[in-house]
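Participant: Quick one, what's the 3D model for this:
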Amino acid sequence: MASKTTKKTEKATVVADNIHEQPAVAESTGDRVTLAVHLPMSHIIDDLPDGSGGVKSLELPGLNAPGGVLLGTGAAKAVTISRVDWENILRLHGRERMYNPYNGNPPCVMEIKTLDALKGDEVQAMTHGLEPIKPEAAGVKEAKQGE
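Facilitator: The predicted model follows:
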């Protein structure tokens, strides 16, 4: 019987979001990088080098809690991870859609220099395509009773 190996998933540290009002916290510098994350659900990257020849996992948090309200365009969480992990993510997965602009929209995961960038135009334009929409904006008309 094959032995099971378990590995612990490291979670990115959430330092801020633009969903709730909160006090300012220190921005990251040096060997840490701050990312604006606009993903509908958490995303686990399970192939990051751990520095000792193995691999480790890193979880980027999602915006929507299970059973919660869907958040719209421009909502983001700021997380900090090590610069080495961010460089490895870009090296291994940098061509994936979530790390690149598409259809004129900014990427769903991108580096930001300060936490004030969460209120900036680029983060406010973040969209993953699963945000709720207003039926009127999509041209949906209400059906009349008896049709």
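
Participant: who does the strand or helix carrying residue 45 pair up with?
Facilitator: Here residue 45 sits within strand 43-49, counting by DSSP states H and E. In the sheet containing strand 43-49, its partner strands are strand 55-60 (antiparallel), by DSSP bridges.

Participant: Flag every buried residue along the strand it pairs with.
Facilitator: Burial within strand 55-60, assessed by neighbour count using 16 or more other C-beta atoms under 10 Å, is assigned to 56, 58, 60. Placement of C-beta: from N, CA and C, glycine included.

Participant: now the residue nearest the centre of the chain: how far from residue 144?
Facilitator: By C-alpha atoms, centre = their mean, the mean C-alpha position of the chain lies nearest to residue 37, the distance being 2.5 Å. For residue 37, the distance to residue 144 under the criterion C-beta to C-beta, to the nearest Å works out to 43 Å.

Participant: What of residue 73?
Facilitator: Applying C-beta to C-beta, the value for residue 73 to residue 144 is 31 Å.

Participant: Test for you: state the pLDDT assigned to residue 127.
Facilitator: The model reports residue 127 with a pLDDT of 75.

Participant: thought it was touching residue 38?
Facilitator: Yes: with contacts defined as C-beta atoms under 8 Å, residue 127 counts as touching residue 38 at a distance of 7.4 Å.

Participant: between the two, what contacts are shared?
Facilitator: The overlap between the contact sets of residue 127 and residue 38 (C-beta atoms under 8 Å, 6 or more residues apart in numbering) consists of residue 74.

Participant: Settle it for me: which of the two has more neighbours?
Facilitator: Looking at residue 127 and residue 38 with other C-beta atoms under 10 Å, you find the greater number of neighbours at residue 38, namely 26 against 17.
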